[in-house]
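Trainee: task: produce atomic coordinates for the following.
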Amino acid sequence: MPKVGSIMAVTLTINGERRSFDASPDMPLLWLLRDVARLTGTKFGCAAGLCGACSVLVDGVRVFGCQTPASAAVGKAITTIEGLTTQPLGKALIAAWNEVDVVQCGYCQPGQIVAAAALIADNPQPDDAAIDAGMSGNICRCGTYPRIRAAIRRAAELHAGDRA
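Mentor: Residues are numbered from 1 along each chain as shown. Next comes the predicted model:
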């Protein structure tokens with residue numbers, strides 16, 4: 001077992017690509033993604049797992065990258081906002097976000113979209129209560145929650161049409 005903070009090869013599958021990095025296995029996944037892998041779509045917000053700006057998917061489950069050590073993602077599929085944009089559900093979410101005009105400042109939106117992807121993958125037709133529960137933990141300082149909810153409903157419709 002390596003000492004905390006020791007540098008070693010950490011191999012992760014990020015957006016379908018297997019990549020190795022020289023990093024500490026206890027480094028938060030957020031920092032490995034942003035600073036080492038140079039995938040800057042995932043945002044730093046609070047460093048306490050309270051805002052959701054750092055949301056990524058690990059084996060399809062939303063996690064907070066600031067609270068997840070890189071070692072916890074070894075052998076699992078990591079999907080960032082960059083990877084999500086190439087997938088049908090991600091494309092439906094982005095189309096809905098644009099159609100509903102969700103974005104105000106935009107800082108939290110990658111984390112919001114990642115959380116919405118996990119929600120719709122688990123519940124293809126979420127009602128408002130399911131949306132509120134699924135999006136819990138993602139904060140929008142601009143208060144675009146009604147538009148986020150509308151965009152999630154619209155993305156679910158678009159994605160259902162993609163699968164039909």
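Trainee: now do the helices in the chain.
Mentor: Using DSSP state H, the helices of the chain run over residues 29-31, 81-84, 88-100, 109-122, 128-135, 145-163.
Trainee: hmm, who's touching the second one?
Mentor: Right, helix 81-84. 14-16, 39, 41-42, 56-57, 90, 93, 110-111, 113-114, 117 (Cβ atoms under 8 Å, 6 or more residues apart in numbering). Just so you know, the C-beta spots here come from the backbone N, C-alpha and C atoms, and that holds for glycine as well.
Trainee: and the residues you listed, which of them are buried?
Mentor: 14-15, 39, 41-42, 56-57, 90, 93, 110-111, 113-114, 117 (16 or more other Cβ atoms under 10 Å).
Trainee: what's the most distant pair in those?
Mentor: Within the buried ones among the contacts of helix 81-84, 14 and 93 form the most distant pair, 19.1 Å apart (Cβ to Cβ).
Trainee: who's in contact with residue 44?
Mentor: 30, 34, 53-54, 66.
Trainee: hmm, I typed the wrong one, I wanted residue 47.
Mentor: Residue 47 makes contact with residue 66, according to Cβ under 8 Å, 6+ apart.
Trainee: now swap in residue 102 and tell me
Mentor: So residue 102 contacts 109, 112, 144, 147-148, 151 (Cβ under 8 Å, 6+ apart).
Trainee: over to residue 70?
Mentor: Applying Cβ under 8 Å, 6+ apart, the residues near residue 70 are 10, 12, 21, 23-29, 32.
Trainee: what's the burial count for residue 103?
Mentor: Here the count is done by other Cβ atoms under 10 Å, and residue 103 has 18 residues near it.
Trainee: thought it was touching residue 96?
Mentor: No: Residue 103 lies out of contact with residue 96 (Cβ atoms under 8 Å); the separation is 11.7 Å.
Trainee: thinking again about what came up before, may I see the buried ones among the contacts of helix 81-84 arranged in CSV, with pLDDT and distance to residue 125 as well?
Mentor: Shown next, in CSV, are the buried ones among the contacts of helix 81-84 (pLDDT from 0 to 100; distance: Cβ to Cβ, whole Å):
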residue, pLDDT, distance to residue 125
14, 98, 30
15, 98, 27
39, 97, 31
41, 96, 27
42, 97, 27
56, 98, 24
57, 98, 20
90, 97, 18
93, 98, 15
110, 96, 24
111, 97, 23
113, 98, 18
114, 98, 19
117, 98, 15
